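J.: Predicted structure and sequence below. I'll ask about it afterward.
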Amino acid sequence: MRSILIDWLTHSKFKLMPETLYLTINIVDRYLTRTFVSRRELQLVGIASMLIACKYKEIWAPQVNDFICLSDYAYTREQIPVMEKAILGKLEWYLTVPTAYVFLVRFIKASVSLDKEERVACPV
């Protein structure tokens with residue numbers, strides 16, 4: 001079910017930065033390792049995690065109503081902040097984590113700079 005949730009979150013209508021999506025997945029995974037979530041609440045965990053990540057990384061975060069519409073009105077306006085609070089409580093408000101995106105960017109920068117140095121050293 002986790003893979004279906006991640007697929008659904010990454011194909012949402014929001015145009016989010018890659019860092020936000022990576023942080024969303026990280027929050028979901030860390031929360032799921034610490035607590036049991038029923039199948040009915042899994043989408044709510046995903047929505048609340050994405051809302052937390054958007055508030056943390058995005059300049060203009062989507063509103064709660066946007067997430068309610070995204071979930072096809074499966075959850076109420078009151079349920080999302082309650083789940084946000086539960087997630088942040090379980091994670092002890094620890095959101096600054098290195099995600100895979102940070103390392104991917106660093107590897108790309110390293111490979112690009114090596115290519116430039118090689119071109120300068122060996123003019124062809």
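T.: Sure thing, it's come through.
J.: And for the spatially closest residue to residue 101 that is not a sequence neighbour, the neighbour number?
T.: Distance criterion CB to CB, 6 or more residues apart in numbering; nearest residue to residue 101, sequence neighbours excluded, is residue 22 at 4.1 Å. To be clear about C-beta, it is placed using only N, CA and C from the backbone, and glycine gets the same treatment. Applying other CB atoms under 10 Å, we find 19 residues neighbouring residue 22.
J.: From what I see, residue 22 and residue 97 are in contact.
T.: No. Residue 22 is not in contact with residue 97 according to CB atoms under 8 Å; the separation is 9.5 Å.
J.: Starting from residue 3, give me the distance back to residue 42.
T.: Per CB to CB, to the nearest Å, residue 42 is found 11 Å from residue 3.
J.: Quick check on those two: which one has the bigger neighbour count.
T.: Using other CB under 10 Å as the criterion, residue 42 and residue 3 rank with residue 42 on top: 17 against 7.
J.: Which parts of this protein are helices?
T.: Shown for the chain, the helices assigned by DSSP state H span residues 2-10, 18-34, 39-57, 64-70, 79-90, 100-121.
J.: In a markdown table, list the ones you listed along with mean pLDDT.
T.: Shown next, in a markdown table, are these (pLDDT from 0 to 100):
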| stretch | mean pLDDT |
| --- | --- |
| helix 2-10 | 86 |
| helix 18-34 | 92 |
| helix 39-57 | 92 |
| helix 64-70 | 88 |
| helix 79-90 | 94 |
| helix 100-121 | 71 |
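J.: Alright, calling it a day.
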